[in-house]
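Asker: need a structure here:
(2 chains)
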Amino acid sequence: ETGVTQSPTHLIKTRGQQVTLRCSSQSGHNTVSWYQQALGQGPQFIFQYYREEENGRGNFPPRFSGLQFPNYSSELNVNALELDDSALYLCASSTAGTESTDTQYFGPGTRLTVL
Amino acid sequence: QKEVEQDPGPLSVPEGAIVSLNCTYSNSAFQYFMWYRQYSRKGPELLMYTYSSGNKEDGRFTAQVDKSSKYISLFIRDSQPSDSATYLCAMKRGSSASKIIFGSGTRLSIRP
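Answerer: Numbers count the residues shown, from 1 in each chain, chains lettered A, B, ... in the order given. You can find the predicted model right below:
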């Protein structure tokens, strides 16, 4: 186990609704990244937060937003849900800003279904 | 064209066989290369992390990177049924680069 936890495990929403997913980073890690993994695909980078600031973003629209808190836990918010948002959402924590390899450790994910 | 191409499989081999998993990529700026293992209903788990070209060995796993050919491989020796999972190749441009690009994953099944 990596020490990265995510909640909830599963979630069902309807189109147009808003959702908040939560992540608790591994102890000592100051960076969190969020990924979307569609069925049968590899994870796609959404964005990364380092010390509470966004530190890189993938090709996702502004309705995907995030927060990182002083204790390095994080939230992913998605507004105006679309059917294509149905996926496994993964967070990964790491210790960027050190001489480490910036290895990212993944949580188990939240499975979001949009009906 | 995707930045990282990976054969989705599925790949089925008998227990004890040597498994070879491969990815190709198009962006010569990638410097760091990784292999993740993902079991069903779990998050990806880092297996191997390599910098630039060369080989790296860890137990039954060997990662190879050939930057001149833009080709990376993962070899699994003495494969076990517990190795059955989806294997994802991944890469990024710098050690502190935020964006990791993943392949689509290869489903591997080891037959007892």
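
Asker: Residue 40: neighbour count?
Answerer: If you meant another chain, say so; for now it's chain A. Neighbour count of A:G40, defined by other C-beta atoms under 10 Å in any protein chain shown: 10. Every C-beta, even on glycine, is put in place using the N, C-alpha and C of the backbone.

Asker: if you could check chain B rather than the one you did, that'd help
Answerer: Neighbour count for B:S40, taken as other C-beta under 10 Å: 8.

Asker: swap in the one 10 residues further on?
Answerer: Each residue near B:T50 was counted by other C-beta under 10 Å, and the total is 19.

Asker: what helices or strands is the lowest-mean-pLDDT helix or strand in chain B leaning on?
Answerer: Ranked by mean pLDDT, DSSP states H and E, the helix or strand of chain B with the weakest confidence is strand B:45-51, at a mean of 91. Packing partners of strand B:45-51 (3 or more C-beta pairs under 8 Å, 6 or more residues apart in numbering or on different chains; DSSP states H and E): strand B:32-38, strand B:54-58, strand B:61-66.

Asker: Show me which residues of it are buried.
Answerer: By neighbour count on 16 or more other C-beta atoms under 10 Å in any protein chain shown, the buried set for strand B:45-51 is B:45-50.

Asker: Which one of those is nearest to B:N27?
Answerer: Nearest to B:N27 among those: B:T50, at 16.4 Å, using C-beta to C-beta.

Asker: looking at it, the closest one is touching B:K56, isn't it?
Answerer: Yes. Judged on C-beta atoms under 8 Å, B:T50 makes contact with B:K56 at a distance of 4.7 Å.

Asker: Pull up the overlap in contacts between these two.
Answerer: Common contacts of B:T50 and B:K56 (C-beta atoms under 8 Å, 6 or more residues apart in numbering or on different chains): B:A63.

Asker: and residue 55, how many neighbours does it have?
Answerer: Just so you know, I chose chain A. Neighbours of A:N55 (other C-beta under 10 Å): 18.

Asker: nope, chain B
Answerer: Using other C-beta under 10 Å, B:N55 has 12 neighbouring residues.
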